[in-house]
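S.K.: Sequence and computational prediction follow.
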Amino acid sequence: MQAVKHDQETTDETLPVTERQTTLSEEAQRLLGFAEDSDSAAEQQLYRAKAARLYIEAGDIQRAKQQRNILEKQFASKPPAAGTETDSAKATLSLLSAEIAIAEQNLLLASELIAKTKPITRQQQIDFYTAKANLDYLSGDYMHTVDRRVQLDAYITDEADRKRNNQKIWAALSNVPTVQLRKQRSKNPTITGWLDLANVMRSGQHNISQLEDDLLDWGMRHPSHPVGKSFLSELIDDYQVDTSDKKHIAVILPLEGDLSKVSDTIKNGLLSAYYSDSDSPIKPVISFYDNSSEDLTFQQLYQQAIDDGATNIIDSLLVQLLEC
């Protein structure tokens, strides 16, 4: 059977702009090569559908649509024999169209397409629940997304697909507000492990060595969790990037003596604002320095704060202004 060649035309808008997008697009091209070399219509369909999904993930919706259109033309020109093969081809096209609709944030169309899809093959079952998870994510239902993708993990055999699934689970958890995350519970031990990991990463640790120790402790609590060492290493790398520009606020106040009550009011106000900002996973460090002792000059405390990594300093002049 003569394979249908994929359209090579593109525009600047569809070109990969990140290393990850480039990798996904290259993998899609590799799968399209397999499709062109295959004499099996079913294999061509499988490779093209998977390539289209990689294009969607790379943000190249135009190329994904090109592959969907090619599959539609193949189906129209040489429809498979009636029965299971026809139902399977229809499910493939419907699921791919649903994923394109999700990528274009057309929730209504995506919901309609998913609702009328009847997956036949094991891969279509995976794609079906993946599309549902993506729709949940786009709808802001992040814990449903986590639940679906944790269930999906048991059916995924390809290591690269499993890694992408873990990344999607983490992306969903990263959008759950901290207050909700701390209260969230699950009877599923894998989801419990994910929730615990998310709380560890948001625990406010500002020392990377301490964070590494906390992650080791997490591993001891969840020895059978599917998250591997490479994923945890990536989390640490991302954490270091996220915190590299983080503010460290030093507050120099007289915590004893005549001005201690005013200082306590300021301190409590700062801490109250700090802890009420529960949706911020990366917060500034706040350190308090007591300048009520005559043994240390303000300049010495100021230098100590600088040595401790302070990027912003609030000093006791504020107390004096409030007292006046």
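M.R.: That came through, no problem.
S.K.: how does this structure divide into domains?
M.R.: Using automatic domain parsing, the domain parsing of the chain gives 12-138, 140-244, 248-323.
S.K.: need the ones you listed in CSV with mean pLDDT and mean neighbour count, can you?
M.R.: Using the backbone N, CA and C atoms, a C-beta is placed for each residue, glycine as well. Output for the domains of the chain, formatted as CSV (pLDDT from 0 to 100; neighbours: other C-beta atoms under 10 Å):
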stretch, mean pLDDT, mean neighbour count
domain 12-138, 87, 18
domain 140-244, 87, 15
domain 248-323, 73, 15
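S.K.: any idea where the strands of this structure begin and end?
M.R.: 248-253, 285-290, 312-314 (DSSP state E).
S.K.: what's the last one packed up against?
M.R.: What that stands for is strand 312-314. Contacts defined by 3 or more C-beta pairs under 8 Å, 6 or more residues apart in numbering; DSSP states H and E place strand 312-314 against strand 248-253, helix 298-307.
S.K.: Nearest to Y47 among the strands of the chain would be which one?
M.R.: Closest to Y47 of the strands of the chain, according to C-beta to C-beta: strand 285-290, at 50.6 Å.
S.K.: Return the distance of that closest one from the chain's centre.
M.R.: 32 Å (C-alpha atoms, centre = their mean, to the nearest Å).
S.K.: That one - which strands sit beside it in the sheet, and in what orientation?
M.R.: Strand pairing for strand 285-290, using DSSP bridges, gives strand 248-253 (parallel).
S.K.: Just want the angle from the partner strand to helix 298-307.
M.R.: Angular relation of strand 248-253 and helix 298-307 on a 0 to 180 degree scale: 160 degrees, by axes from the mean of the first three to the mean of the last three C-alpha atoms, to 10 degrees.
S.K.: Just the CA coordinates for strand 248-253, please, in CSV.
M.R.: Written as CSV, here are the backbone C-alpha positions of strand 248-253 (Å, rounded to 0.1, in the frame of the first residue of the first chain):
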residue,chain,number,x,y,z
HIS,A,248,15.5,37.2,51.5
ILE,A,249,13.9,39.8,53.7
ALA,A,250,15.8,40.8,56.9
VAL,A,251,13.8,42.6,59.6
ILE,A,252,15.9,44.5,62.2
LEU,A,253,13.7,45.3,65.2
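S.K.: residues in contact with it?
M.R.: For strand 248-253, the surrounding residues in contact (C-beta atoms under 8 Å, 6 or more residues apart in numbering) are 259, 263, 266-267, 270, 284-291, 298, 301-302, 305, 308-316, 319.
S.K.: List the contacts of the nearest residue to A52 once chain neighbours are set aside.
M.R.: In this structure, A52 finds its nearest non-sequential neighbour in Q67, 3.9 Å apart by C-beta to C-beta, 6 or more residues apart in numbering. By C-beta under 8 Å, 6+ apart, Q67 lies in contact with H6, L32, R48, A49, A51, A52, Y55, L96.
S.K.: my guess is the last one contacts L71, does it?
M.R.: In other words, L96. Yes. Using C-beta atoms under 8 Å, L96 and L71 qualify as a contacting pair, with a distance of 7.1 Å.
S.K.: what's the overlap in contacts for the two?
M.R.: In contact with both L96 and L71: A49, using C-beta under 8 Å, 6+ apart.
S.K.: contacting residues around the residue lying closest to A98 once chain neighbours are set aside?
M.R.: Excluding the flanking residues, the one nearest A98 by C-beta to C-beta, 6+ apart is L113, at 3.8 Å. L113 sits next to S94, L95, S97, A98, A101 when contact means C-beta under 8 Å, 6+ apart.
S.K.: mind running it again at 10 Å?
M.R.: 93-102, 106, 131, 135 (C-beta atoms under 10 Å, 6 or more residues apart in numbering).
S.K.: Of those, which belong to helices?
M.R.: Mapping the contacts of L113 onto helices (DSSP state H) picks out L93, S94, L95, L96, S97, A98, E99, I100, A101, I102, A131, L135.
S.K.: How about the second one: what's its closest non-neighbour residue?
M.R.: Okay, so that is S94. Using C-beta to C-beta, 6+ apart, the nearest residue to S94 is T117, at 4.4 Å.
S.K.: The one you found and S88, how far apart?
M.R.: 11 Å (C-beta to C-beta, to the nearest Å).
S.K.: Common neighbours of these two, please.
M.R.: Q124.
S.K.: so how far is stretch 33-40 off the chain centroid?
M.R.: That offset, for stretch 33-40, works out to 34 Å (C-alpha atoms, centre = their mean).
S.K.: er, stretch 298-306 actually
M.R.: 40 Å.
S.K.: Can I get it in CSV? Just the C-alpha atoms.
M.R.: Extracted C-alpha coordinates of stretch 298-306, given in CSV (Å, rounded to 0.1, in the frame of the first residue of the first chain):
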residue,chain,number,x,y,z
PHE,A,298,23.1,48.4,63.9
GLN,A,299,26.0,48.2,61.3
GLN,A,300,27.0,44.8,62.6
LEU,A,301,23.5,43.5,62.4
TYR,A,302,23.1,45.0,58.9
GLN,A,303,26.3,43.2,57.8
GLN,A,304,25.2,40.0,59.4
ALA,A,305,21.9,40.1,57.4
ILE,A,306,23.9,40.8,54.2
